[in-house]
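Participant: Sharing a model that was predicted from the sequence below.
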Amino acid sequence: MVQRAHKGGWSLFFLAAIIPGVHLQRNGSSIQPASEPEPPSEAQIYKPVLQPSEAIPPIGTYKLNGLDGKLCIKATMGVEYIVIEKKTWYFNLDPSRVRTSGYCGKKAAVLSLTLPNNAASLQFNFRKEKKLFYVTKLTVHVSPLPVCQGCANKTYFGLLDHEKLFATADGQSFNCKSENLLLTSSQLRIKLVPLQMQAFTLPKGQYGKEVECWADFNKRIIPIIIGAVVVTLVLIIGLTCLFIRDRSRQGYDRL
C-alpha cells in the first residue's frame with residue numbers, strides 16, 4: 001500500500017511539472033487546474049473623471065459607411081464636456097476609446113459616438129434638405145465618477161432639437177477652427193474645437209470644399225477692417241496737418 005501511494009504521488013508531481021496551469025491541492029488526492037483571474041473588462045472599469053480645469057481636447061476623426069459601403073459621414077473634432085455641479089468641471093472625449101455607430105439614409109443620417117459602458121455619448125442627427133445638409137438634433141450624456149466623496153452617482157443629459165447647426169451645401173464640408181460652445185442643458189455644455197464635418201455626399205471619401213464658419217470669418221476679416229480704418233484715419237490726420245501748415249505759411253493778405 002505504501003509503495004502504491006508513493007507511485008501515485010510521483011505521478012501527481014510528474015503531471016504538475018509537464019502540464020502548465022495544473023497545481024497540486026491538498027484535497028484528497030485530486031488534481032485541479034488553477035483558476036486564473038479574468039482581467040476586468042474596460043466596460044466594467046471605465047468611468048469619466050471630471051477635471052477642475054480645462055485642457056485642449058484630443059482631435060479624432062470619426063467615419064461612418066452606408067449600406068453600399070461608401071463613406072457617408074466624416075467628422076474631425078475635439079470634444080469637451082463641461083459639467084456645472086456647484087462649480088465648473090471638464091472632461092475631454094478620448095478618440096481611442098470611442099465606438100462609432102449610426103446609419104445613413106438619403107435624407108437622414110445619424111453619427112453616434114459612445115464610450116465603453118455607455119459612460120458618455122454624443123449623437124448627431126443630420127438632415128438633407130434640397131442642396132443643404134445640417135445637424136437638426138444633438139443628443140449628449142455623461143456619467144462621470146462623483147466629484148466628491150459621498151456624492152451620489154449622477155448622469156448629465158443634454159439635447160438640442162429642431163436646429164439647423166453647421167448648415168453647408170451638399171458636397172462641401174463645414175469647417176470651424178473657433179470654439180463651438182453648445183448649451184445643451186443647464187448643467188451640461190459641449191465644446192467642439194476645432195470642427196470639420198460633412199454628411200451624405202463625400203466624393204472619394206474626402207472632404208469637399210471647406211465652408212468657413214462665421215466665427216472664423218469674423219476673426220479673419222475684423223483685423224483687416226480695423227487695419228483699414230486705422231490707415232484711413234492716419235491719412236486723414238496727416239493730410240489735415242499738411243493743409244493747416246500750408247495755410248499758416250501763407251499768412252494773411254493785406255487789405
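Facilitator: Thanks, I have it. Quantities reported herein were computed from a predicted structural model and do not represent experimental measurements.
Participant: So, low pLDDT: which residues of the stretch 101-250 of the chain?
Facilitator: Within the stretch 101-250 of the chain, the ranges that satisfy pLDDT under 70 run 220-231, 233-234, 246-250.
Participant: hey, where'd the helices end up in the stretch 1-150 of the chain?
Facilitator: 2-18, 42-45 (DSSP state H, counting those that start in this stretch).
Participant: Of these, which shows the lowest average pLDDT?
Facilitator: Confidence, taken as mean pLDDT, is least for helix 2-18 of those (a mean of 46).
Participant: mind checking the SS state of residue 152?
Facilitator: Counting by DSSP: H, G, I helix; E, B strand; the rest coil, the backbone at residue 152 sits in coil.
Participant: what's the distance between it and residue 214?
Facilitator: Using C-beta to C-beta, to the nearest Å, one gets 41 Å for the distance from residue 152 to residue 214. C-beta coordinates here come from the backbone N, C-alpha and C atoms, glycine included.
Participant: out of the two, which sits in the busier spot?
Facilitator: Ranked by neighbour count (other C-beta atoms under 10 Å), residue 152 and residue 214 place residue 214 first, with 9 against 6.
Participant: if we look at the sheet, which residues does residue 108 bridge to?
Facilitator: In this entry, residue 108 is beta-bridged to residue 127, by DSSP bridges.
Participant: Tally up the residues packed near it, please.
Facilitator: Residues near residue 108, counting by other C-beta under 10 Å: 14.
Participant: Run through the residues that contact it.
Facilitator: Applying C-beta atoms under 8 Å, 6 or more residues apart in numbering to residue 108 gives the contacts 125-128.
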